[in-house]
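[1] Give me the fold of what follows.
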Amino acid sequence: KGLTPINLPVKITNYELRFTNEHRVLNFWTTATEINTSHFNVQRSANSTDFKTVGTITAKGFGDYSFTDNQLPITNEQLTLYYRLEIVDKDGSKTYSEIRNVELGIRNLAINVYPNPVQLGSWITISCKGAKEVVITDYLGKAVFQSTVDGRPLTVSTQQFAKGIYVVKAMTNTGEIKTTKLIVE
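    Got it, this is the predicted structure:
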């Protein structure tokens, strides 16, 4: 009795996060209603308290929205990221969605070459998660093998190499360079 119904500016019916193999976090949300909503700020936090805006999406009245966060922190440890939506009305007032989290997992960017050492004329397998290019250089720094890759393991014959020590270098999609030593006997 005596209660007056209040229309909330935004009703979010669904808000999900998805971590992809490309080291991106996809934010998806659906609104049933939006009244005087200007835009949504997608905000990220590493501790669920201190949020910063990583993207802005203009409101369209209601419907499905998405935002891809592809500027994730680089780490070799398990990492949980927290996201929320900051809903900004046309008058500048703000409200917030519930906080969602996503586990990034361990990002293994190490380069592996096996077998190592290898017999001259045999095959080696090179693996480096997220690699886009692999280069093998001799002790003088001259490239003896170079190939673009798509992150999957690469098999290389050592038949064109001489016996000696080589450097295997992988460039990743994130711009990191990983190196290891290869010994051909």
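[2] For the spatially most central residue of the chain, which non-adjacent residue is closest in space?
    The residue lying closest to the centre of the chain (CA atoms, centre = their mean) is H23, at 1.6 Å. Computed as CB to CB, 6 or more residues apart in numbering, the closest residue to H23 that is not its neighbour in sequence is L72, at 5.7 Å. In this view, the C-beta of every residue, glycine as well, is placed from N, C-alpha and C.
[3] Check whether the one you found sits in a helix, strand or coil.
    With DSSP: H, G, I helix; E, B strand; the rest coil as the basis, L72 sits in coil.
[4] and it, how many residues sit next to it?
    18 (other CB atoms under 10 Å).
[5] Helix or strand with the lowest mean pLDDT in this protein?
    The weakest-scoring helix or strand in the chain, judged by mean pLDDT, DSSP states H and E, is strand 111-114 (a mean of 82).
[6] what's that strand packed up against?
    Other elements packing on strand 111-114 under the criterion 3 or more CB pairs under 8 Å, 6 or more residues apart in numbering; DSSP states H and E are strand 123-128, strand 164-172, strand 177-184.
[7] With distance to F28 as added columns, please give the ones you listed in TSV.
    Formatted as TSV, the helices and strands packed on strand 111-114 follow (distance: least, CB to CB, whole Å):
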stretch	distance to F28
strand 123-128	31
strand 164-172	27
strand 177-184	33
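[8] who wins for proximity to N36 among those strands?
    strand 164-172 (44.8 Å; CB to CB).
[9] Could you pull up the mean pLDDT of the closest one?
    If you average the pLDDT over strand 164-172, you get 90.
[10] about what we covered before: got a list of what the residue nearest to H23 touches?
    Applying CB atoms under 8 Å, 6 or more residues apart in numbering to L72 gives the contacts 23-25, 81, 104.
[11] Closest to S122 out of these?
    H23 (33.3 Å).
[12] Surely that closest one and T174 touch.
    Yes - if you go by CB atoms under 8 Å, H23 and T174 touch, sitting 6.9 Å apart.
[13] Find residues that contact each of the two.
    Between them, H23 and T174 share these contacting residues under CB under 8 Å, 6+ apart: G130.
[14] And L104, how close does it get to R152?
    Counting by CB to CB, to the nearest Å, the gap from L104 to R152 is 21 Å.
[15] higher neighbour count, those two?
    Neighbour tally, L104 and R152, criterion other CB under 10 Å: the higher count belongs to L104, 16 against 8.
[16] How about the more buried one, nearest residue that isn't a chain neighbour?
    Among residues not flanking L104 along the chain, L79 sits closest, at 4.3 Å (CB to CB, 6+ apart).
[17] and that neighbour, what does it touch?
    Contact partners of L79, counting by CB under 8 Å, 6+ apart, are 46, 73, 103-105.
[18] again, but for V42
    27, 53-57, 67, 69, 83, 85-86.
[19] Same question for V135.
    The contact partners of V135, taken as CB under 8 Å, 6+ apart, are 143, 145-146, 168-169, 171.
[20] I appreciate the help and will end here.
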